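Undergrad: Need the 3D shape of this:
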Amino acid sequence: MKIILCILISAFFYQNTSYSQSPVVIDSLFSILKLQKEDTSQVNTLCALAFQLRNSDPDTSIYFGNKALKLASHLKYKMGIAGAQLQLGNALMNQGKYIDALKYNNNAQHIYEQLLITEEFKNKDLVKKQKARTYNNIGIIHWYQGNYPVALQNHLTALGIRKEINDKMGIAASYNNIGLVFSDLGNYSAAIENYIAALPIHEEIKDKPSIAATYINIGNIYRNMERYSEALKNYNDALQINESLKDNKGVAYSIFSIGTINDDLGNNAEAMQNYKAALKIREEIGDNYGIAQCYNNIGLIYSHQKNYSLSLENLFASLKIKEDIGDNEGIAEAYNNIGNIYRFQKNYKKASQYLNKSLLLSNEIGSLENIKLVYLSLATLDSTQGNFNKSLEYYKLYIIMRDSLANNKITEKITQQQLQYEFDKKETIAKSEQQKKDAIVQQQLQNQKIIRNSFIVGSALLLLLIIVLINRNKLKRTVEMEQMRSRLSRDLHDDIGSTLSSINILSRTAQNNIQHSVDQKTKESLEKINERSQRLLDNMSDIIWNINPGNDTIEEVMSRMREYATTILEAKNIDYTFNFPKEKMDCKLTMEVKNNLYLIFKEAVNNLSKYSGASNATLSLTFDEKNIHLKIEDNGNGFNEQEIKHRGGLSNMQHRAEEIKGVITINSVVEKGTVIDLSLPRYC
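TA: Down below sits the predicted model:
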């Protein structure tokens, strides 16, 4: 009984998971739906949503199917009407509402047949594919109802269409469905032959849900052979795949199958835990067929524990659902189980009623396995009551049926051995191919690693080369600039400097020669020439000094400052003090910083000598970690900045300080003196 039940469960799983739902696809379809207008495209999206949700959420699938049907009917979109009815049939079938499901699938099939006759399509294969699905679904519904010949006929028709259009996924599904029908008819060799035909197609197209279902079927074969460890491994492999796919229906079937192993091994507590876990998932997704099977097996566990009241409660709950969904095979099975429980309770009258109802229905649907089991139950019942002659008759019938099925099982075992051989052979080939692929992938990864590392090293070398070239060019430009500055300094000194010196000497000589002349204007002109040539000579001296790269050190700057201040302040009889660093400073300034620093100093000292009337001055140059500080202070007359009319010198100092990112402050108090303080970044 448990073996037959496991076959039925895996069969339902196979029939309904040939096309799996994807959360990513569902989310994408919802996003698309929000942007669509009410046209044929929206009908197709609604149908696609109904299709994706048919297993995990049949109620929502029916909602979208009805929306699609309503819109398609309004648009008179025949393909959409058929598609919507097909999806409604799918969802209703998953809920066990077979009469309504059959009606919708028949309607869809009729529309597809009419479209193929009357309409012109660029892609007729699409219509044929949908038509094959209607035959597939109709076959499943008849299979549930125990009408195996009609179920087989529909599945064979679907297979023929799918082969015609080369629908690989559909072909594999049809092979599995045909195998399941043969299995229920007791023709195990034909069943396994179809499973073997389906498996390589599933693997080729990477149809994970159907591969998981195949693992369950293989597990069932091992279970029938009482090779429980192998069966359990296949069930767990199926569970792992279904969990990765988040396929709740597949997860429930896998857990249920594991429960049957624990049941067979007498692990009642573990089996009960498995069945209840599967029941919870099935109740959440509205899987009535699966719920009924869980109640049935839970009832059988309670019977093992001699808790007959709870056993009957669960078996009757299972029976009611099976009657609601029209599952004749399941109804016959439930009658037999209930009859046996009443026999345990010594309620022989009710036991006889349910066992005879099971026998009658099993004969009607041609369920040989159920007939065999009922004969044994009736023989045991009559023997318990002392009706030994009648018991013997039933037992003989049981033996005849058992031997008949045993012949099929001998063939099945031979085929199973062949299946195992083929399966092992395929695994060996697949493993060898995988090793080759892994070796190729490893080599490709190694090559990619070499290319990547070569690229990184090459890029690093190229970057280093660029940096070297940039630094080389920069150094070259620096050397060239210093050479140009040296050359310019020499040229200015040798040419313009010597010429200005000559003019100054000549004007002074001429001035001395006419000291006693009465031509006052000539004197004044010569004095102006002398004064201006001297000023120009001084300025030219500063320019030449600044241009010369040899004067870029802070030591040269301080030396120049001392020389200038000494000359100017001594001429005015002003006492002075230098607060310059005594230790040698390793500091080289740019031409711009050096020039502006010196000219600010020069302007400040010049103003001090001309306008301050000071008797004492202090000149300081100090350094800290970040800045250079220049400070010039005197004890002179001071001044009020607001009263100064000509601010050219002060403005020049301010402007020069800004050019070198410095800050200059001038604090002057009348009759107390002036302090000029310059702070600039330490560029060295």
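Undergrad: CA atoms for contacts and neighbours, from now on please.
TA: Noted.
Undergrad: could you say what helices and strands the stretch of helix or strand A277 belongs to packs with?
TA: A277 is located in helix 268-285, with elements delineated by DSSP states H and E. Contact analysis of helix 268-285 by 3 or more C-alpha pairs under 8 Å, 6 or more residues apart in numbering; DSSP states H and E lists helix 248-264, helix 288-304 as its packing neighbours.
Undergrad: With mean pLDDT, mean neighbour count and distance to M79 as extra columns, can I get those in CSV?
TA: Output for the helices and strands packed on helix 268-285, formatted as CSV (pLDDT from 0 to 100; neighbours: other C-alpha atoms under 10 Å; distance: least, C-alpha to C-alpha, whole Å):
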stretch, mean pLDDT, mean neighbour count, distance to M79
helix 248-264, 92, 25, 29
helix 288-304, 93, 24, 30
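Undergrad: for the ones you listed, which one sits closest to E555?
TA: Ranking these by proximity to E555 (C-alpha to C-alpha) places helix 248-264 first, at 86.1 Å.
Undergrad: Could you check the angle that closest one makes with helix 288-304?
TA: 20 degrees (axes from the mean of the first three to the mean of the last three C-alpha atoms, to 10 degrees).
Undergrad: Go ahead and flag the most central residue of this structure.
TA: V24 (11.7 Å; C-alpha atoms, centre = their mean).
Undergrad: isn't there a helix covering that residue?
TA: Yes: assessed with DSSP: H, G, I helix; E, B strand; the rest coil, V24 lies in a helix.
Undergrad: still on that earlier bit, with just CA atoms, put the helix holding A277 into CSV.
TA: Provided in CSV are the C-alpha atoms of helix 268-285 (Å, rounded to 0.1, in the frame of the first residue of the first chain):
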residue,chain,number,x,y,z
ASN,A,268,7.1,6.3,13.3
ALA,A,269,8.1,9.5,15.0
GLU,A,270,10.3,10.7,12.2
ALA,A,271,7.8,9.6,9.6
MET,A,272,5.0,11.5,11.4
GLN,A,273,7.2,14.6,11.6
ASN,A,274,7.9,14.4,7.8
TYR,A,275,4.2,13.9,6.9
LYS,A,276,3.1,16.8,9.1
ALA,A,277,5.8,19.1,7.6
ALA,A,278,4.6,18.2,4.1
LEU,A,279,1.0,18.7,5.2
LYS,A,280,1.7,22.2,6.5
ILE,A,281,3.3,23.3,3.1
ARG,A,282,0.4,21.7,1.1
GLU,A,283,-2.2,23.5,3.2
GLU,A,284,-0.4,26.8,2.6
ILE,A,285,-0.4,26.3,-1.2
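Undergrad: which residues touch the closest residue to T553 other than its chain neighbours?
TA: Leaving out its chain neighbours, the residue that sits closest to T553 by C-alpha to C-alpha, 6 or more residues apart in numbering is K588, at 4.2 Å. K588 makes contacts with D552, T553, I554, Y683, C684, as judged by C-alpha atoms under 8 Å, 6 or more residues apart in numbering.
Undergrad: ok, the third one - how many residues close by?
TA: I554 is flanked by 17 other residues according to other C-alpha atoms under 10 Å.
Undergrad: Repeat that for the last one.
TA: Counted with other C-alpha under 10 Å, the burial measure for C684 works out to 15 neighbours.
Undergrad: Report pLDDT for the closest residue in space to it that isn't next to it in sequence.
TA: Closest residue to C684 apart from its sequence neighbours, by C-alpha to C-alpha, 6+ apart: C587 at 5.1 Å. pLDDT, C587: 83.
Undergrad: Over to C587: give its phi and psi.
TA: phi -150, psi 130 (degrees, to the nearest 10).
Undergrad: Check the spacing between it and F623 real quick.
TA: From C587 over to F623 the distance is 11 Å, taken as C-alpha to C-alpha, to the nearest Å.
Undergrad: cool, and K572?
TA: Using C-alpha to C-alpha, one gets 29 Å for the distance from K572 to F623.
Undergrad: Quick check, N297 in contact with Y275.
TA: Yes: assessed by C-alpha atoms under 8 Å, N297 is found in contact with Y275 at 7.3 Å.
Undergrad: rewinding a little: specify the stretch among the helices and strands packed on helix 268-285 that is closest to T134.
TA: Using C-alpha to C-alpha, those put helix 288-304 closest to T134, at 20.3 Å.
Undergrad: And the contacts of the closest one?
TA: Contacts of helix 288-304 (C-alpha under 8 Å, 6+ apart): 5, 9, 94-96, 256, 263, 268, 271-272, 275-276, 278-279, 282-283, 308, 310-315, 317-319, 321-322, 325, 334, 337, 341.
Undergrad: Buried members of the residues you listed into PyMOL, please.
TA: Buried residues among those (16 or more other C-alpha atoms under 10 Å), as a PyMOL selection:
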select buried, resi 5+9+94+95+96+256+263+268+271+272+275+276+278+279+282+308+310+311+312+313+314+315+317+318+319+321+322+325+334+337+341
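Undergrad: just to revisit the earlier point, who has more neighbours out of C587 and F623?
TA: Between C587 and F623, counted using other C-alpha under 10 Å, F623 has the larger neighbour count: 16 against 12.
Undergrad: quick one on the thing from earlier: would you mind giving the helices and strands packed on helix 268-285 as a markdown table with distance to G139 added?
TA: Shown next, in a markdown table, are the helices and strands packed on helix 268-285 (distance: least, C-alpha to C-alpha, whole Å):
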| stretch | distance to G139 |
| --- | --- |
| helix 248-264 | 20 |
| helix 288-304 | 16 |
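Undergrad: got a list of contacts for the helix or strand K103 falls within?
TA: Here K103, judged by DSSP H and E, is contained in helix 98-118. Contacts with helix 98-118, where a contact means C-alpha under 8 Å, 6+ apart, come from 78-79, 81-83, 85-86, 88-93, 124, 127-128, 130-131, 134-135, 137-138, 141, 325-326.
Undergrad: tilt between the helix or strand G339 falls within and helix 288-304?
TA: Assigning secondary structure by DSSP H and E places G339 in helix 328-344. If you take the same axes, to 10 degrees, helix 328-344 sits at 20 degrees to helix 288-304.
Undergrad: Packing partners of whatever helix or strand I178 lives in?
TA: Taking DSSP H and E as the criterion, I178 maps to helix 168-184. In terms of contacts (3+ C-alpha pairs under 8 Å, 6+ apart), helix 168-184 is packed against helix 2-16, helix 124-144, helix 148-164, helix 188-204.
Undergrad: quick one: average confidence on it?
TA: On average, helix 168-184 scores 87.
Undergrad: any idea how far it is from the chain center?
TA: 36 Å (C-alpha atoms, centre = their mean, to the nearest Å).
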